Structures are given as structure tokens and as C-alpha cells.
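Asks: can you look at this prediction? I've put the sequence above it.
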Amino acid sequence: MVGLVLAALAVVALLTTLVPRTPAPAPEDLAAAATPSPPGDEAGGAGEAEPEVLSGVYGRGGRTDTVESFAAWRGRDVPVVADFLADATWEDITDSWVVEQWAGTGYRMAWSVPLLPRSGGTLADGATGAYDEHFVALGEHLVENDQADAVLRLGWEMNGPWFRWSAVEDPEAYVSFWRHAVDALRSVPGADFLVEWAPQPGRGAAGFDPLSAYPGDAWVDVVGMSLHDQSWQHDEDEAVSRWEDVVGRDYGLAWNVAFAAERGKRSSLPEWSLAYRCDGNGGGDNAFFIDAVADWVDAHDYLYEAYFDYTGEDSCDQVHRVSGDVGERQFPEAAEAYRDRFGGDGGTDAAAGADDASGDDSGDASDEGTPLRVSWSPSRAGARELAWAGLEGDVYVFARVGADAVRVRWYLDDPDASSPPLAVRDEAPFDLGGRDGQRPLPWTVPDLEPGEHTLTVVVETASGEERTETVPFLF
């Protein structure tokens, strides 16, 4: 990424009077930093229990089924799920459909929360409190969906120029905006959020001081850092050098945990992963990296870590998935290392994991009402039950039909499902209009007779059974 123009030196000088600088440890100190203290040497004295480190996974945009399968594969429950709010508009951030998918699941959520939507807005306006109402609305939506204790990674990787909320050009505005957003979130009755400040490893933009974007201890609960096994300075076979670099660089992992401890905060790895890249900059099947992360987390005071278990359609730079059948994986050796260090007894292969995770979920997956939902936004923000909704034009219709579902057949005005289906979908949440990568496509409602019509789904399950649901709507 190309660095942007730095903020005025006066701004940096002002902020450094508020936030003491913590230099990165010298390279010779890294080995000591990564080594756990002997029993009884902790600050609390012998016999004091270490706080639990929550071990989680990426939720893939509300995919509860993938989290259940991941837990079965590694042989250990997943107590925390990391997911991302959509960011097309303010409504996508504040009333996101994906939040509702985790309601009542029992997982603790760690959300990556955009500070600004793609539709517009500026740090300068946010610094005045102009967007406070949106963060109040987000807080209310989280509380209403059983996520009052969520971890919120607000405006992450602010030290790089690639996000709209980048602090590189105006760290003072970033800090003021952050404080407004946090105050708004905390004002919601019932809220018990933990707010996470998480820069990219290193300076981000050349010459930038990430500490100039630190909002202050009163507005930060957790200090995090994302970590992917890739480097443009080290070859794939240089695993040790690549690890030492990300730990020891200015504002790297060693600095991150030292800074957190100095401020009295716990640390986090909100997204971390192996990486394959066809340009050679990924670490590949690197069991050393898995062991290094496990040792690092054990040696320091981490609240949680969440593995970014995802491989996208671009096989050159979005390959991170560690779970799955051996034949599907890019990382067979690292996968075994992961299950050894982060798993438990009784891990399964992917197919068995899916069966175990499905349980006896023979009904629909929604907590109340019918499982068919409709939204007027590609992020599925503001989704509601399809039943008796008035539809026309482009809408986003999808099905919440259980973790055991493997395919859904859609029928229009055919409750018996006796004619050829309108659509067949094999990826949850089974969007009627299909998908383009990770984004749903709209269904264009045809020109129907005014009045009542029906959409019917036939759900095919992993066990070979089928179940049918018919829902009326209005045109």
C-alpha cells in the first residue's frame, strides 16, 4: 500500500503527551518475552489461576454451521466467534442481518466494526459527534440480540491507508471520533461491551506512529493485532525469520503485548492464520507458525484468539483455511499442528464434523416464526419474516433452515413442489437470488397477478431427509 501524507507534527506531539510511548523490545529480549514465567512468578503470586484464553474462529458472515463443524473437526468447543459487520451503508452497520444469526447461539461475539460506511462520511464529522446516533443504534441491536458482552474491534488497522477510517492523515480526528463512538455504545442500557484497539503489525504507513491514534485508556479495553503468516521480506521457507520479524519489528507483536500490559489491558489476536499466496509471499504449510502462535498466546495475557478459517475464490491471496478433509487442505502438516495445540480429544474429519454439529435440528433454524426472510439490502440489514411481506422489484430472500441443510430448492406458487424449481442453492443461507462470492444477489420479483402468492422451499439434509416450508407473500 502507498503511504498517505502524515498528520501535522503538532497533532502527534499533543497526543504523545497523553499516551506514553512504549518502545519495541530489543531483538535479544524476544526469546525471554516469548517464554512463559515459571509457576509462582506471576504478579499475583503462586497459586493464582491464569485467566482463560478464549479460542475461537471466524464466523464467515453468520455461518453458524461452519463454526459447529470447525469445533467438531478440532475436537474442542468454540467459545468465541469473530465476525465482521457489513459496511455498505450506516444501516448495514447498525442493523446488520448477520448480528441476528448469532442471537441465542451462546457464542461470545467479537465483532469487527467499521467506523465509516462505504456510502460516505468522514473522520472529521465523526469527531464532532455527528454519527453518535448510529453507534447507539448498533449497541441497541447487539443488546437486543443477546450480545451485550461482545468484543468490538472498532475501526481496526487504522495505521494503514487501506480503510476509509485510516488515521494516517488525521490521527487527532480518528481519536476524537473513536471516543464519541465508544461513549455512544456504552450509553446503551444493558451494554457490557469490551472495546478493542487493534492496529496492523508494524507502522502500517511508512513513518506513521500508531500511538498517535491511541484513543486513551478510558476508551480501550483490549489491545489486539491481526496476524497472517505472510511477508514480502522473507521467502516461504524462512519460517523462523518471518516469525522473528513480525514479533520484533517496530510496533510488532512484542511491542503490542508489552503496551497492553503497561496499560493494564489484555491482548488479542482477532484474526490470525496460515497463508498461501501464488506470488510466494505466504508461509504455506507452516507447522512452526502454529506452534509459535500457541507458545506466544500461552506466554502472554490474551483474552482471545480467533483463527481466520477461510479460503476465498481467489486462490492466490485468500487461502487461509486449516480445517477440512486432508484432500481439500493446503496445509496438512499445519492442520495437525493446529489440532494438537488448539484442539482437544476426539477431533473429526470435516464430513463427520458436519454430521456431529447438525445434531437433531430437524425443524427450521429460526428462533421464532418462519425460516424464510427478506431484506431490501445486499447485507440483509433490516431483514424480516417473509410471511405476508409485500414484494416487488429487487429483494434479498434467504432461508434459515438448520445446520444440517445441504441444499434448498425454491418454488414459486407451487406448494407441492411438483414443477421444476425456481432455483436450487447449496450454500447457506441459501439466497434465492444466488451469490457473487460472499455477497448475495437480488431476486427480481416477476410481474405477478396482484394479491397473495407463495414461496416454497424443500430442504435437503445431510442425512438424506427432506422437509418443506411454504410461506405466503403479497404482490
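Replies: Arrived safely, thanks for sending.
Asks: what sits closest to the spatially most central residue of the chain if chain neighbours are left out?
Replies: The chain has Asp83 as the residue nearest its centroid, 2.5 Å off, counting by CA atoms, centre = their mean. For Asp83, ignoring the flanking residues on the chain, the nearest one in space by CB to CB, 6 or more residues apart in numbering is Gly59 at 3.8 Å. Where C-beta positions appear, they are placed from N, C-alpha and C, glycine not excepted.
Asks: tell me the confidence at that neighbour?
Replies: At Gly59, the model reports a pLDDT of 95.
Asks: from Ala335, how far out is it?
Replies: Plainly put, Gly59 is 20 Å away from Ala335 if you go by CB to CB, to the nearest Å.
Asks: quick one: which of the two has more around it?
Replies: Gly59 (28 against 24; other CB atoms under 10 Å).
Asks: wait, the more buried one sits on Val78?
Replies: No. The pair Gly59 / Val78 is not scored as a contact, 9.3 Å apart, by CB atoms under 8 Å.
Asks: what do these two both touch?
Replies: Here Gly59 and Val78 share the contacting residues 67, 107, scored by CB atoms under 8 Å, 6 or more residues apart in numbering.
Asks: which strands and helices lie in contact with the top helix by length along the chain?
Replies: The residue-count maximum for a helix in the chain (DSSP state H) belongs to helix 171-186. Using 3 or more CB pairs under 8 Å, 6 or more residues apart in numbering; DSSP states H and E, the elements in contact with helix 171-186 are helix 9-16, helix 123-126, helix 132-144, strand 151-154.
Asks: now the last one - C-alpha only, PDB.
Replies: What it means is strand 151-154. Extracted C-alpha coordinates of strand 151-154, given in PDB (Å, rounded to 0.1, in the frame of the first residue of the first chain):
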ATOM      1  CA  VAL A 151     -15.900  -7.500  22.000                       C
ATOM      2  CA  LEU A 152     -16.000  -4.700  19.400                       C
ATOM      3  CA  ARG A 153     -12.900  -4.300  17.300                       C
ATOM      4  CA  LEU A 154     -13.700  -0.700  16.300                       C
END
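Asks: partners of that strand in the sheet?
Replies: Counting by DSSP bridges, the strands paired with strand 151-154 are strand 108-113 (parallel), strand 194-197 (parallel).
Asks: put the alpha carbons of the host helix or strand of Val98 into PDB.
Replies: Here Val98 sits within helix 97-101, counting by DSSP states H and E. Presented in PDB, the C-alpha positions along helix 97-101 are these (Å, rounded to 0.1, in the frame of the first residue of the first chain):
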ATOM      1  CA  TRP A  97     -28.700  -9.200   9.400                       C
ATOM      2  CA  VAL A  98     -25.500 -11.100  10.400                       C
ATOM      3  CA  VAL A  99     -25.900 -10.000  14.100                       C
ATOM      4  CA  GLU A 100     -29.200 -11.700  14.200                       C
ATOM      5  CA  GLN A 101     -27.700 -15.000  13.000                       C
END
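Asks: which helices and strands does that helix pack with?
Replies: Short answer (3+ CB pairs under 8 Å, 6+ apart): helix 97-101 packs on no helix or strand.
Asks: rounded mean pLDDT for it, please.
Replies: Mean predicted confidence for helix 97-101 is 91.
Asks: hmm, back to that, and the residue nearest to Asp83, how far is that from Ala110?
Replies: 9 Å.
Asks: what sits in contact with each of those two?
Replies: 81-83.
Asks: reformat those residues as CSV; add secondary structure, pLDDT and distance to Pro171.
Replies: Rendered in CSV, the data for these read as follows (DSSP: H, G, I helix; E, B strand; the rest coil; pLDDT from 0 to 100; distance: CB to CB, whole Å):
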residue, secondary structure, pLDDT, distance to Pro171
Val81, strand, 98, 31
Ala82, strand, 98, 26
Asp83, strand, 96, 27
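Asks: which one of the residues you listed sits closest to Ala206?
Replies: Within the shared contacts of Gly59 and Ala110, the smallest distance to Ala206 is 28.8 Å, found for Ala82 (CB to CB).
Asks: who does the closest one bridge with?
Replies: Bridge pairing for Ala82 - DSSP bridges - gives Tyr58, Ala110.
Asks: residues in contact with it?
Replies: Contacts of Ala82 (CB under 8 Å, 6+ apart): 56-59, 109-112, 270-271, 306, 308.
Asks: for the stretch 301-450 of the chain, which segments count as helices?
Replies: Secondary structure of the stretch 301-450 of the chain (DSSP state H, counting those that start in this stretch): helices located at 332-342, 350-358.
Asks: which stretch in the ones you listed has the least confidence?
Replies: helix 350-358 (a mean of 35).
Asks: lowest-confidence helix or strand of this protein?
Replies: helix 9-16 (a mean of 33; mean pLDDT, DSSP states H and E).
Asks: does Arg467 belong to a helix, a strand or coil?
Replies: strand (DSSP: H, G, I helix; E, B strand; the rest coil).
Asks: quick check: chain neighbours aside, which residue is closest to it?
Replies: Val459 (5.0 Å).
Asks: so that neighbour bridges to which residues?
Replies: So, taking DSSP bridges as the rule, Val459 has Val408, Arg467 as bridge partners.
Asks: that one contacts Ala399, correct?
Replies: Yes. Between Val459 and Ala399 there is a contact under CB under 8 Å: 7.5 Å.
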